[in-house]
Every structure is written in C-alpha cells, then in structure tokens.
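**Student:** Fold the following.
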Amino acid sequence: MLHARVGPGVRKRPRPAEAGVQRQGEVKFRDVRLYLVERKMGRSRRSFLTQLARSKGFIVEDVLSDEVTHVVSEDNEAAGLWAWLKGRGLKELPKMQVMDISWFTDSMREGKPVAMETSHCIQDTLPTLPEGSTPTVSQYACQRRTTTENNNKILTDAFEVLAESYEFSEMEGPCLAFRRAASLLKSLPWAVPCLEATQDLPCLGERTKAVMEEILQYGRSFEVEKTLSDERYQTLKLFTSVFGIGPKTADRWHRRGLRSFTDILAEPSIQLNRMQRTGFLHYGDISRAVSKAEARALGNIIDEAVRAITPDAALAVTGGFRRGKEFGHDVDFLLTTQERGKEEGLLVKVIDRMKQQGILLYCDYQASTFDMDKLPCHRFEAMDHFPKCFLILRLESRHVEGGVQRAEGDDRGWRAVRVDIVSPPMERYAFALLGWTGSRQFERDLRRFARMERRMLLDNHALYDKTKEEFLAAETEKDIFAHLGLEYIEPWQRNA
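**Tutor:** Numbering: from 1, shown residues only. Presented below is the predicted three-dimensional model:
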C-alpha cells in the first residue's frame, strides 16, 4: 500500500478521538445522524459518500454510537449485518433505522432525508432471543443460510485441508466430519472468538474442536501444517488437479514412485485416456479459476447456439456462479425446452454447432439413461441419468468483458474453459436445477434431511414420499422445499 508523505503544514488523518468532529458547513438536518457501514462499502467510497452527505447538510458520524439515528449499509447480507450490529453493545439499536444504500442515494438526490419505504429498510432477520441465550443452529446445512461471506475462513480452510487428506486416504468418516464442521462455521454470521463460544453448536466433534483450539490459541494448526508438508498429500493434490485424474489413479501413480507431471508423461507404461491427455494439454488454462465475466460470455455463446436450433429452449447457469460466486473451476449449465420430449437430441445438435464454430476442444457426451420406472433409487448416485456433456471450449478474449484470465506471459487472445451441460426434461427440471446448483454439502444434507426427518427420497430426478408411496410433483425449487416442510433457501444462501 502506498502512503502519502506528510510534511509541514499538511493535516494528518484525524485520530480516533477526533472521530466525532464534523468537518462541514451548515447543518440542515439536526434530527438525523448517519453512520455509513464500511464493511463491503470500502474505505474510499465511505469517505466520498461521507463528504457528499456533509456537503448537503447531513450529520455523518465516524463512530457508531447510540447517538446515531440511521445506519446505512451497502451490499451486506441482512443476517450478517444485524449480527455485527448486535455485537456492538448499543443500547439504542432498537430505535435506529437500518437502511439500504438506496435510501441514502435517494436522499442525496433530493437534498433531504426522503420518506422511508419498505424497500429502503433492512429488516432484522435474526430471532429475538432471551438475554444470555444462544440461537439454535441446525445440524442440517439445508436449514442454515450460508452466503459467500465467510467469517471463519482461517478455521474452515484448515478443516478443508484435513477433509481432503482423509478423502485421499478413503477415510469417509473423518472426511465427512471435517466437511460438516466447515459447513457449519461458514454459516455463522459471527467469527468464533474462543472455543467456549461453540459449546451449543452441532457438527463439532473432539477432533474438529482440537484443531479449532490450536488455531484460536496459536493462530495455526500443527496437524494442518503436517498435512500440507506431507509428500503423499502434495503429490495426490497435484495429480488430481488434472482433468480426468481421480484420487485412486493418483494414489496408484504415487505408489509407483511417480511424483511429478514429467514423471507421468515420461513413463512409457502409462497409457493416458483421451480425457487425461486433454487435461494435460490444456492444464495451464483449466487449472486456473474461471471468472463470472467469462461464465457470462460462455452462457451467451451457448445460448446463441441453442437459439439457432430452437427458440423454445431455456439455458440456465447452475453451480457456484448461480450461488453468487465470483470465480469457479468450471461452468455448469442446464438446458431444457418448454415442450415435453423436444429436448431429446437437442444437446447433440448444440455440440455439433459448437464443433462447426471451431470452439469445441474436447467433448465427452453421455446419452440419457433416465428411466422413471427404475425410481425411486434407495442409493444415491453421484451422477444423474439425464443426457449430459463434459466439454472444454475455446473462449475468445473479445467475447469477455475485460478479456479472459491469462497466465503471466500468455499473449494468446483466448483460453480453454471447462463447461458441463445437462439436459433434463422439463418435468424433471426443478429437481435437476436444485441438485446441480449445490453446494455439495448443502445437497448432501438436503437428501439426509429428506430421508431422516421426512421419510422421503430426494435426488436430481425426483422426490418420493415413502409414507404415501408416491412421487411428489414440482415445477420449481420452492415446490420441493415446500414438500419437505423447509423454509426456502435462495441459491446465494446455499454456499455450505
């Protein structure tokens, strides 16, 4: 960060003791005292908006205190914002107006405080609890709202390293325990200050609490550091970063003494399949994150190809980008048609068109094996039975706002991107959309909740009520949540 040199006659930044001092002209609205929340807004924008408001006669406090009448927030989720406000120890918080930035901009435009409308107010979504009590947190991720804002990243990053290590060793129990613990901590609208604060929380066992205690006390976990320096873990993580190479293949190569890509490619006895060869060929591109702008550009390209075939089709992005993430490792789409049966063969035609356009670098197409007569399936299968394709597409920089993400020294005008497209029939669309949106832990807990709490079976194809012995129809995701007796969780709140 660059700092301006302070010389003689140059005023320094005010100290905290000066925070309440108003540097403005005439005060026109003495009954209104604003406080702008810096979280998400940023320091420079907050400073600009503060000066703007003061120039129009508003009082803007630099410190949040009980004198504030209006709290103004930008891009903060309601639950996290209210949890933060309640942690400030304010006696007058119930009397304060907590407003969205839209109220502020409307007031600046009018030059006076405008009347408050429902759309301006940020409602308190946290339940009012008796003093000294702790809010109940569900053991199921499908009953928790988890945004991309993670207040416990240092803890969840550690848990995910250990979960991945156990996954490499095929130890499902410990792997799932650390993933559930990470999922829970991601949903908390507050940062865990000490181990005692987690006493009433579910999903935290002795192992996970031991790791948390180390990190909270020392700022690091010795078990995580040991894992990260483990030669087997490093090798398997490297090998599985290649498209087409799973943990079992990576472990087999490691046991043969292979430690690098060079070792694999130089070993004559190893016959790579087509997917693995493509994975190595485009490794530099597809191992890098895909941006939201790139995902949007790919959606436009695919949608144009689809529309050229049939205007009746609908294309929707799923996965992490539907959950509001800025970056992902690939881009997932759902493709269907309004008219039943018209989706048959559509995916093959789209693939052929992309091939004609010269943007198809790799394609693995899997035809439909969907058969309603074979449902319900009592054992969940990781992959559904709808027609799907796993692609690598050539994305030209000119199609992307701001250009494609490039590695240092790469002067090409394009990059390769991983894309998956699934094409369910319209009557199965809601189930496929829910399943492909994720996250993986959210979906796992949704299925577990259905089975354990409602005696229902849920997958990407259908929802079956074992008590009534019937399939439950759903046109939207909200219908599925309603069948399960769950409050609807928006896609951007499913980052479990």
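**Student:** Centre of the chain to the longest helix along the chain, how far?
**Tutor:** For the chain, the helix that runs over the most residues, judged by DSSP state H, is helix 292-309. In terms of CA atoms, centre = their mean, to the nearest Å, the gap separating the centre of helix 292-309 from the centre of its chain is 21 Å.
**Student:** what packs against it?
**Tutor:** Here helix 292-309 is seen to pack against strand 313-317, strand 331-337, helix 346-357, strand 388-396, strand 414-422 when contacts are counted using 3 or more CB pairs under 8 Å, 6 or more residues apart in numbering; DSSP states H and E. Glycine gets a C-beta too; all of them are placed from N, C-alpha and C.
**Student:** Figure out how far the shortest one is from the centre of its chain.
**Tutor:** Averaged C-alpha coordinates place strand 313-317 at 20 Å from its chain's average position (CA atoms, centre = their mean).
**Student:** what are the pairing partners of that strand, and which direction each?
**Tutor:** Strand 313-317 has the following strand partners under DSSP bridges: strand 331-337 (antiparallel).
**Student:** Helices along the stretch 51-200 of the chain, start to end?
**Tutor:** When assigned using DSSP state H, counting those that start in this stretch, the helices of the stretch 51-200 of the chain occupy the ranges 78-86, 101-110, 153-168, 172-187.
**Student:** Switch those over to TSV; also include mean neighbour count and distance to residue 400.
**Tutor:** Output for the helices of the stretch 51-200 of the chain, formatted as TSV (neighbours: other CB atoms under 10 Å; distance: least, CB to CB, whole Å):
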stretch	mean neighbour count	distance to residue 400
helix 78-86	19	31
helix 101-110	17	28
helix 153-168	20	28
helix 172-187	21	30
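**Student:** shouldn't residue 40 be in contact with residue 75?
**Tutor:** Yes: Residue 40 is in contact with residue 75 according to CB atoms under 8 Å; the separation is 4.2 Å.
**Student:** What are the contacting residues of the host helix or strand of residue 232?
**Tutor:** When elements are defined using DSSP states H and E, residue 232 is found to belong to helix 231-240. When contacts are taken as CB atoms under 8 Å, 6 or more residues apart in numbering, the neighbours of helix 231-240 outside the stretch itself are 164-165, 168, 227-228, 245-247, 249-251, 253-254, 258-261, 264.
**Student:** Poorly predicted segments of the chain, please.
**Tutor:** 1-25, 118, 124-135 (pLDDT under 70).
**Student:** before we move on, back to that, list only buried entries from the contacts of helix 231-240.
**Tutor:** Burial by neighbour count, judged by 16 or more other CB atoms under 10 Å, picks out 164-165, 168, 227, 245, 247, 249-251, 253-254, 258-259, 264 from the contacts of helix 231-240.
**Student:** Find the pair from the residues you listed with maximum spatial separation.
**Tutor:** The most widely separated members of those are 227 and 264, with 23.1 Å between them, by CB to CB.
**Student:** how deep is residue 488 tucked in, by neighbour count?
**Tutor:** The tally of other residues near residue 488 (other CB atoms under 10 Å) stands at 12.
**Student:** can you give me phi and psi for it?
**Tutor:** Here is the backbone geometry of residue 488 (degrees, to the nearest 10): phi -70, psi 130.
**Student:** Can you classify the closest residue to it other than its chain neighbours as helix, strand or coil?
**Tutor:** The shortest distance from residue 488 to any non-neighbouring residue, by CB to CB, 6 or more residues apart in numbering, is to residue 481 (4.6 Å). For residue 481, the secondary structure call by DSSP: H, G, I helix; E, B strand; the rest coil comes out as helix.
**Student:** Contacts only, for residue 481.
**Tutor:** Residue 481 makes contact with 487, 488, 489, according to CB under 8 Å, 6+ apart.
**Student:** again, only using 10 Å
**Tutor:** 142, 434, 446, 474, 487, 488, 489 (CB atoms under 10 Å, 6 or more residues apart in numbering).
**Student:** any idea how far the residue lying closest to the first one once chain neighbours are set aside lies from residue 179?
**Tutor:** Of all residues beyond its chain neighbours, the one nearest residue 142 is residue 446 (4.2 Å), with distances taken as CB to CB, 6+ apart. Taking CB to CB, to the nearest Å as the criterion, residue 446 is separated from residue 179 by 15 Å.
**Student:** Give the helix, strand or coil label for the residue lying closest to residue 296 once chain neighbours are set aside.
**Tutor:** The shortest distance from residue 296 to any residue other than its chain neighbours is 7.6 Å, reached at residue 401 (CB to CB, 6+ apart). Three-state assignment for residue 401 (three-state DSSP): coil.
**Student:** Excluding chain neighbours, what is closest to residue 272?
**Tutor:** In this structure, residue 272 finds its nearest non-sequential neighbour in residue 280, 7.2 Å apart by CB to CB, 6+ apart.
**Student:** did I read that right, that neighbour in a helix?
**Tutor:** Yes: looking at residue 280 with three-state DSSP, it is inside a helix.
**Student:** before we move on, back to that, CA-only coordinates of the longest helix of the chain, as CSV, when you get a sec.
**Tutor:** Listed next in CSV are the C-alpha coordinates belonging to helix 292-309 (Å, rounded to 0.1, in the frame of the first residue of the first chain):
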residue,chain,number,x,y,z
LYS,A,292,-18.0,-14.5,-13.6
ALA,A,293,-17.5,-12.4,-16.7
GLU,A,294,-16.1,-15.5,-18.5
ALA,A,295,-19.0,-17.6,-17.3
ARG,A,296,-21.5,-15.0,-18.6
ALA,A,297,-19.7,-14.9,-22.0
LEU,A,298,-19.9,-18.7,-22.3
GLY,A,299,-23.6,-18.6,-21.4
ASN,A,300,-24.2,-16.1,-24.3
ILE,A,301,-22.2,-18.2,-26.8
ILE,A,302,-24.1,-21.4,-25.8
ASP,A,303,-27.4,-19.7,-25.7
GLU,A,304,-26.8,-18.3,-29.2
ALA,A,305,-26.1,-21.8,-30.5
VAL,A,306,-29.2,-23.2,-28.8
ARG,A,307,-31.5,-20.4,-30.2
ALA,A,308,-30.2,-21.1,-33.7
ILE,A,309,-31.6,-24.7,-33.3
